[in-house]
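Engineer: Following is a predicted model, sequence given first.
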Amino acid sequence: MHLSYVLFILFPLCSGLSTTCPRRCTCDSTQSVQCYRVLQVPREIPATTKWLYISHSKIKHLQISDFRKMSCLEELILSCSGTESVENNTFKALSTLKSLELWKNKLRRIPTSLPSSLEVLKLGDNSISVLHESNFEGLKNLRVLDIQNNLILAVSFSTFLPLCSLQSLTLDGNNMESVYGPLKLPRLKYLSMENNKLHTFSGSFFAPLQYLLFLRLTGNLLTKVPLNLPKSLLSLKLDRNQLKVIRFRDIKHLENLSELILSENQLSSIDGIHLLPNLTILELSRNHLQSMPLRLPARLQKLDCSNNFIQRVTAQGFQDLQDLRHLFLDNNTVSMFEAGALDGCAQLSNLALEQNLLISIPLRLPDTLARLDLKGNDIQHVGERELKYLKQLQVLNLRNNKISALDRKVLEYLPRLRYLYLDGNPWNCSCELLRIGKVLIAKGTDVSGGQCATPAESHGESWMSSKKLLQRCEDNLSSAKENKEIRNKMMADDLSTGGVNLDDDYYDYEID
């Protein structure tokens with residue numbers, strides 16, 4: 001018994017288990033405690049707790065006494081609890097704390113005297129308006145800082161000088177109009193300042209960021225690409241700004257860039273984009289493009305030119321795009337699509353051409369296509385030449401065109417078709433169309449058929465389930481069977497009376 005007592009005393013405190021758990025909380029064997037709808041930080045939280053999660057509560061004020069006994073705490077998340085203030089030095093004694101998240105509260109300032117052990121600090125969705133260098137003193141181990149959706153209007157980036165290990169900084173949604181640099185964070189890899197009101201950056205702002213990989217500047221007021229972007233960048237997001245031109249000199253050095261997002265700007269052309277040898281994703285949707293970019297990076301895998309004013313698609317822009325898999329040209333004014341324009345796209349699987357002015361399905365599309373979207377064009381005919389080589393096609397969208405009939409032979413060329421969208425067309429509901437629908441369903445194709453335009457008695461009914469059409473086709477079938485029986489009887493009578501046999505393969509003899 002004495003031995004057991006000694007072992008208990010020697011066993012590390014942070015590894016111990018507690019038999020008590022506060023009301024409205026759950027505790028588990030991993031020293032994790034979760035509490036909901038509490039009015040204060042529960043006093044009975046086990047001293048061995050490593051992970052504490054408090055959410056959707058009503059805790060207006062945090063104080064030192066709330067965490068005095070939690071000497072083993074490594075992660076504290078207190079969210080959606082209406083917290084307005086934190087007593088000075090509340091977290092200072094938590095020497096093992098690595099992650100502190102106080103998001104979606106009502107904090108007006110950053111808590112003071114944070115422990116030097118801290119690696120993650122998330123304060124998003126509060127009411128913080130000012131940042132001071134003293135807020136971050138001693139945080140030499142901090143790797144992640146998130147202060148998005150607060151009330152910060154301006155930032156002097158000397159504020160972050162103590163954060164020598166910082167790798168990720170998020171300042172989205174603060175209505176910032178100006179920033180002062182340079183930003184001396186030598187280990188920073190991720191920087192996001194989306195949805196602010198930034199107009200420009202000084203030429204030296206990004207110069208110290210030699211290891212920056214991801215830069216997010218979506219939703220600002222930029223009119224040009226910032227100067228001296230780090231050569232190390234892998235991803236650059238500049239969508240929802242006011243860019244009118246992309247200059248060769250601004251991007252020529254970004255040889256490592258893999259993703260470039262330029263959607264929702266005012267671009268009518270782009271210059272030098274082909275000089276980005278490692279670019280795999282390029283998004284140009286919702287700009288002012290009237291033609292396809294003529295020179296594109298050879299390693300491109302995704303190209304989005306949707307919602308522009310492109311009228312023609314020719315082979316000139318796609319000759320060397322052997323890695324292209326996704327091409328989005330929807331919501332343009334494409335009326336001419338050159339036959340074989342995409343012959344060079346040997347891996348294309350997804351082609352979006354919805355909401356254009358095409359009167360026919362483009363010829364010689366890549367046989368690698370798995371999805372083809374042609375919704376909202378002026379297509380009247382679905383022919384053999386357009387589809388016969390698309391053996392890999394799984395999704396075909398022909399909604400809202402001018403198609404009135406289908407040829408069963410055409411669909412036989414699509415052995416892997418799984419989804420066929422045909423609604424919104426002026427269907428002539430014939431028995432042949434009904435049979436085609438049944439064949440498609442039998443082979444496992446999910447068909448959205450649409451409504452009959454003709455004949456009049458079936459108008460407005462679904463041609464996949466029209467009772468009138470089904471009855472008419474069954475009547476026709478019965479009539480055809482009766483006619484066939486009459487013909488067979490007549491032929492039998494002819495044979496019995498020495499009539500002429502019209503079957504060339506018929507021989508009237510017996511084998512001995």
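Structural biologist: That came through, no problem.

Engineer: all helices of this structure, in order?
Structural biologist: 2-10, 248-251, 384-387, 408-411, 431-442, 467-496 (DSSP state H).

Engineer: for the third one, the distance to its chain's centre please.
Structural biologist: Spelled out, that is helix 384-387. The chain centre lies 31 Å from the centre of helix 384-387; the measure is C-alpha atoms, centre = their mean, to the nearest Å.

Engineer: What residues of it count as buried?
Structural biologist: 386, 387 (16 or more other C-beta atoms under 10 Å). Where C-beta positions appear, they are placed from N, C-alpha and C, glycine not excepted.

Engineer: helices or strands up against it?
Structural biologist: Here helix 384-387 touches helix 408-411, going by 3 or more C-beta pairs under 8 Å, 6 or more residues apart in numbering; DSSP states H and E.

Engineer: so how far is the helix it packs on off the chain centroid?
Structural biologist: The chain centre lies 34 Å from the centre of helix 408-411; the measure is C-alpha atoms, centre = their mean.

Engineer: again, but for stretch 401-420
Structural biologist: With C-alpha atoms, centre = their mean, you get 29 Å for stretch 401-420.

Engineer: Next, the distance between the ends of it.
Structural biologist: End-to-end distance for stretch 401-420: 14 Å, by C-alpha to C-alpha, to the nearest Å.

Engineer: what about that stretch, average pLDDT?
Structural biologist: Stretch 401-420 carries an average pLDDT of 91.

Engineer: follow-up on the earlier one: pick out the shakiest of the helices of the chain, pLDDT-wise.
Structural biologist: helix 2-10 (a mean of 40).

Engineer: Okay, now the unreliable bits of this structure?
Structural biologist: 1-19, 475-512 (pLDDT under 70).

Engineer: give me that answer again for 80
Structural biologist: Along the chain, the parts satisfying pLDDT under 80 run over 1-19, 181, 466-469, 471-472, 474-512.

Engineer: Just grab the bridge partners of residue 428 for me.
Structural biologist: residue 454 (DSSP bridges).

Engineer: Surely it and residue 454 touch.
Structural biologist: Yes - between residue 428 and residue 454 there is a contact under C-beta atoms under 8 Å: 4.9 Å.

Engineer: Find residues that contact each of these two.
Structural biologist: When C-beta atoms under 8 Å, 6 or more residues apart in numbering defines a contact, the residues bordering residue 428 and residue 454 alike are residue 404.

Engineer: who has more neighbours, these two?
Structural biologist: Shown here are residue 428 and residue 454; by other C-beta atoms under 10 Å, residue 428 has more neighbours (17 against 13).

Engineer: residues in contact with the more buried one?
Structural biologist: By C-beta under 8 Å, 6+ apart, the contact set of residue 428 is 404, 405, 452, 453, 454, 455.

Engineer: one more time with 10 Å
Structural biologist: 403, 404, 405, 406, 452, 453, 454, 455, 458, 463 (C-beta atoms under 10 Å, 6 or more residues apart in numbering).

Engineer: Then residue 413?
Structural biologist: Residue 413 is in contact with 384, 386, 387, 388, 389, 390, 391, 393, counting by C-beta under 10 Å, 6+ apart.

Engineer: Same question for residue 384.
Structural biologist: 407, 409, 410, 412, 413.

Engineer: out of those, who has the most neighbours?
Structural biologist: The most crowded member of the contacts of residue 384, judged by other C-beta under 10 Å, is residue 410 (17 neighbours).

Engineer: what about residue 67, how many residues close to it?
Structural biologist: Using other C-beta under 10 Å, residue 67 has 21 other residues around it.

Engineer: can you tell me how far the closest residue to it other than its chain neighbours sits from residue 111?
Structural biologist: The shortest distance from residue 67 to any non-neighbouring residue, by C-beta to C-beta, 6 or more residues apart in numbering, is to residue 94 (6.1 Å). For residue 94, the distance to residue 111 equals 11 Å [C-beta to C-beta, to the nearest Å].

Engineer: what's the answer for residue 90, then?
Structural biologist: 6 Å.

Engineer: Now do the shared contacts for the two.
Structural biologist: In contact with both residue 90 and residue 111: residue 62, using C-beta under 10 Å, 6+ apart.

Engineer: re earlier: need the contacts of residue 384 in TSV with distance to residue 272, can you?
Structural biologist: Shown next, in TSV, are these (distance: C-beta to C-beta, whole Å):
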residue	distance to residue 272
407	47
409	48
410	44
412	47
413	42
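
Engineer: Return the residues in contact with the residue nearest to residue 364 when sequence neighbours are not counted.
Structural biologist: When the adjacent residues along the chain are set aside, residue 364 lies closest to residue 340, with 4.0 Å between them (C-beta to C-beta, 6+ apart). By C-beta under 10 Å, 6+ apart, the residues touching residue 340 are 314, 315, 318, 362, 363, 364, 365, 366.

Engineer: Just to check, the second one is in contact with residue 343?
Structural biologist: Yes - the criterion here is C-beta atoms under 10 Å, and residue 315 meets it with residue 343 at 6.7 Å.

Engineer: one step back: are any of the contacts of residue 428 buried, and which?
Structural biologist: By neighbour count, with 16+ other C-beta under 10 Å, the contacts of residue 428 hold 403, 404, 405, 406, 452, 453, 458, 463 as buried.

Engineer: State the distance from the nearest residue to the second one once chain neighbours are set aside to residue 363.
Structural biologist: Looking back up the chat, that one is residue 404. Counting by C-beta to C-beta, 6+ apart, residue 404 lies nearest to residue 428, which is 4.6 Å off, once chain neighbours are set aside. Residue 428 sits 25 Å away from residue 363, going by C-beta to C-beta.

Engineer: same check, this time on residue 439
Structural biologist: To residue 363, residue 439 is 25 Å away according to C-beta to C-beta.

Engineer: pretty sure residue 268 is touching residue 309, no?
Structural biologist: Yes - between residue 268 and residue 309 there is a contact at 9.0 Å, judged by C-beta under 10 Å.

Engineer: Mind listing the shared neighbours of the two?
Structural biologist: Common neighbours of residue 268 and residue 309 are listed as 287, 288, 289, 290, 291 (criterion: C-beta under 10 Å, 6+ apart).

Engineer: okay, these in TSV with neighbour count next?
Structural biologist: Converted to TSV, these look like this (neighbours: other C-beta atoms under 10 Å):
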residue	neighbour count
287	24
288	12
289	19
290	14
291	17
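
Engineer: Show me the two of the residues you listed that sit farthest apart.
Structural biologist: Maximum pairwise distance among those (C-beta to C-beta): 11.8 Å, between 287 and 291.

Engineer: So residue 399 versus residue 354, what's the distance?
Structural biologist: According to C-beta to C-beta, residue 399 stands 8 Å off from residue 354.

Engineer: which one is residue 441 nearest to, not counting chain neighbours?
Structural biologist: Using C-beta to C-beta, 6+ apart and skipping the chain neighbours, the partner closest in space to residue 441 is residue 447 (6.3 Å).

Engineer: one step back: just the buried ones among the contacts of residue 428: which are in strands?
Structural biologist: Of those, the ones assigned to strands by DSSP state E are 452, 453.

Engineer: just to revisit the earlier point, who touches both of residue 94 and residue 111?
Structural biologist: Common neighbours of residue 94 and residue 111 (C-beta under 10 Å, 6+ apart) are residue 100.

Engineer: just checking, residue 455 touches residue 430?
Structural biologist: Yes - counting by C-beta under 10 Å, residue 455 touches residue 430, with 8.7 Å between them.
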